[in-house]
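Participant: Structure, please.
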Amino acid sequence: MTSRFTELVVDCHAPERLAAFWCEVLDFKVIDRSEGKVEIGSWVPTVEDVRARQMPPTLLFIQVPEGKTVKNRLHLDVSPIDASTEDEVTRLLGLGATKTDVGHGADRNWVVMADPEGNEFDVLRTLAPQN
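Facilitator: Residues are numbered from 1 along each chain as shown. All right, here's what the predicted structure looks like:
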(Lines give C-alpha, C1' and ligand atoms only; values in the text may rest on other atoms or scores of the structure.)
Protein backbone atom coordinates (compact mmCIF):
# COMPACT_ATOMS: atom_id res chain seq x y z
CA MET A 1 0.00 0.00 0.00
CA THR A 2 1.20 3.52 -0.76
CA SER A 3 -0.06 7.07 -0.78
CA ARG A 4 0.45 9.84 -3.28
CA PHE A 5 1.50 13.44 -2.61
CA THR A 6 -1.48 15.15 -4.26
CA GLU A 7 -1.56 18.69 -2.90
CA LEU A 8 0.23 21.15 -0.70
CA VAL A 9 -2.08 23.28 1.44
CA VAL A 10 -1.22 26.89 2.26
CA ASP A 11 -3.17 28.70 4.99
CA CYS A 12 -3.73 32.34 4.09
CA HIS A 13 -5.99 35.39 4.47
CA ALA A 14 -6.75 35.93 0.78
CA PRO A 15 -6.84 32.66 -1.23
CA GLU A 16 -7.80 34.34 -4.52
CA ARG A 17 -4.94 36.85 -4.29
CA LEU A 18 -2.34 34.27 -3.30
CA ALA A 19 -3.54 31.79 -5.94
CA ALA A 20 -3.28 34.50 -8.60
CA PHE A 21 0.28 35.30 -7.48
CA TRP A 22 1.39 31.65 -7.61
CA CYS A 23 -0.38 31.08 -10.95
CA GLU A 24 1.81 33.85 -12.38
CA VAL A 25 4.96 32.49 -10.72
CA LEU A 26 4.46 28.87 -11.83
CA ASP A 27 2.30 29.24 -14.96
CA PHE A 28 -0.44 27.25 -13.20
CA LYS A 29 -4.19 27.58 -13.70
CA VAL A 30 -7.05 27.63 -11.20
CA ILE A 31 -8.50 24.13 -11.28
CA ASP A 32 -11.06 24.42 -8.47
CA ARG A 33 -12.50 27.02 -6.16
CA SER A 34 -15.14 27.20 -3.49
CA GLU A 35 -15.83 29.56 -0.62
CA GLY A 36 -12.52 30.26 1.13
CA LYS A 37 -10.51 27.84 -1.06
CA VAL A 38 -8.68 27.99 -4.38
CA GLU A 39 -6.74 25.11 -5.90
CA ILE A 40 -4.18 25.65 -8.66
CA GLY A 41 -2.07 23.28 -10.68
CA SER A 42 -0.38 22.41 -13.92
CA TRP A 43 -2.96 19.69 -14.60
CA VAL A 44 -6.46 18.66 -13.53
CA PRO A 45 -6.11 15.63 -11.27
CA THR A 46 -8.23 12.55 -11.90
CA VAL A 47 -8.37 9.52 -9.65
CA GLU A 48 -7.13 7.37 -12.54
CA ASP A 49 -4.06 9.56 -13.18
CA VAL A 50 -3.16 9.74 -9.49
CA ARG A 51 -3.51 5.99 -9.04
CA ALA A 52 -1.46 5.24 -12.20
CA ARG A 53 1.62 7.32 -11.37
CA GLN A 54 3.03 10.06 -9.17
CA MET A 55 1.91 13.40 -10.61
CA PRO A 56 2.96 16.93 -9.65
CA PRO A 57 1.03 18.11 -6.59
CA THR A 58 -1.43 20.97 -6.76
CA LEU A 59 -1.39 23.98 -4.42
CA LEU A 60 -4.51 24.56 -2.32
CA PHE A 61 -4.96 27.96 -0.66
CA ILE A 62 -7.35 27.91 2.29
CA GLN A 63 -8.59 30.99 4.11
CA VAL A 64 -7.83 31.06 7.84
CA PRO A 65 -8.36 33.83 10.39
CA GLU A 66 -4.88 33.85 11.92
CA GLY A 67 -1.82 35.39 10.32
CA LYS A 68 1.62 33.95 9.74
CA THR A 69 3.73 34.35 12.89
CA VAL A 70 7.04 32.50 12.37
CA LYS A 71 9.39 31.28 9.64
CA ASN A 72 7.89 28.55 7.46
CA ARG A 73 8.92 25.01 8.35
CA LEU A 74 8.12 24.02 4.78
CA HIS A 75 8.71 26.16 1.71
CA LEU A 76 8.74 25.99 -2.06
CA ASP A 77 11.88 26.21 -4.19
CA VAL A 78 11.48 27.49 -7.73
CA SER A 79 14.00 27.39 -10.58
CA PRO A 80 13.75 29.77 -13.55
CA ILE A 81 13.52 27.87 -16.85
CA ASP A 82 13.95 30.64 -19.44
CA ALA A 83 15.71 33.52 -17.68
CA SER A 84 18.55 34.14 -15.27
CA THR A 85 17.97 33.87 -11.55
CA GLU A 86 18.41 37.64 -11.27
CA ASP A 87 15.84 38.31 -14.01
CA GLU A 88 13.36 35.95 -12.35
CA VAL A 89 13.82 37.67 -8.99
CA THR A 90 13.08 41.00 -10.69
CA ARG A 91 9.92 39.52 -12.28
CA LEU A 92 8.74 38.12 -8.95
CA LEU A 93 9.33 41.45 -7.21
CA GLY A 94 7.06 42.99 -9.85
CA LEU A 95 4.36 40.42 -9.02
CA GLY A 96 4.38 41.38 -5.34
CA ALA A 97 7.07 39.17 -3.82
CA THR A 98 9.69 40.63 -1.51
CA LYS A 99 13.25 39.65 -0.70
CA THR A 100 13.56 38.43 2.86
CA ASP A 101 16.17 37.21 5.30
CA VAL A 102 15.66 34.03 7.29
CA GLY A 103 19.19 33.91 8.69
CA HIS A 104 21.08 32.04 5.95
CA GLY A 105 23.72 34.73 5.53
CA ALA A 106 25.11 36.07 2.27
CA ASP A 107 27.12 33.02 1.14
CA ARG A 108 24.46 31.13 -0.78
CA ASN A 109 23.53 30.57 -4.41
CA TRP A 110 19.79 31.13 -4.04
CA VAL A 111 17.55 34.09 -3.22
CA VAL A 112 15.10 33.91 -0.32
CA MET A 113 11.82 35.66 -1.09
CA ALA A 114 8.33 35.91 0.40
CA ASP A 115 4.98 35.82 -1.35
CA PRO A 116 2.43 38.62 -0.75
CA GLU A 117 1.38 37.05 2.59
CA GLY A 118 4.94 36.54 3.83
CA ASN A 119 5.38 32.83 3.06
CA GLU A 120 9.05 32.24 2.30
CA PHE A 121 10.25 30.55 -0.87
CA ASP A 122 13.61 30.24 -2.61
CA VAL A 123 14.59 31.12 -6.15
CA LEU A 124 17.32 28.68 -7.11
CA ARG A 125 19.78 28.53 -9.99
CA THR A 126 18.43 29.01 -13.48
CA LEU A 127 17.65 25.99 -15.64
CA ALA A 128 17.70 28.12 -18.80
CA PRO A 129 20.09 26.92 -21.51
CA GLN A 130 23.47 28.58 -21.14
CA ASN A 131 24.89 30.16 -24.32
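Participant: rest of the way, CA atoms for contacts and neighbours
Facilitator: Fine.
Participant: all helices for the chain, in order.
Facilitator: Taking DSSP state H as the criterion, the chain contains helices spanning 15-26, 47-52, 85-95.
Participant: Show me where this structure dips below the pLDDT cut-off.
Facilitator: Low-confidence segments of the chain, defined by pLDDT under 70: 1, 104-107.
Participant: tell me the domain boundaries of it?
Facilitator: 7-63, 76-123 (automatic domain parsing).
Participant: Tabulate those domains (TSV), appending distance to residue 70.
Facilitator: What follows is these, written out as TSV (distance: least, CA to CA, whole Å):
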stretch	distance to residue 70
domain 7-63	13
domain 76-123	9
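Participant: Mean neighbour count added to those, as a markdown table?
Facilitator: Shown next, in a markdown table, are those (neighbours: other CA atoms under 10 Å):
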| stretch | mean neighbour count |
| --- | --- |
| domain 7-63 | 16 |
| domain 76-123 | 16 |
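Participant: all strands of this structure, in order?
Facilitator: 7-12, 29-34, 37-41, 58-63, 76-78, 98-99, 111-114, 120-123 (DSSP state E).
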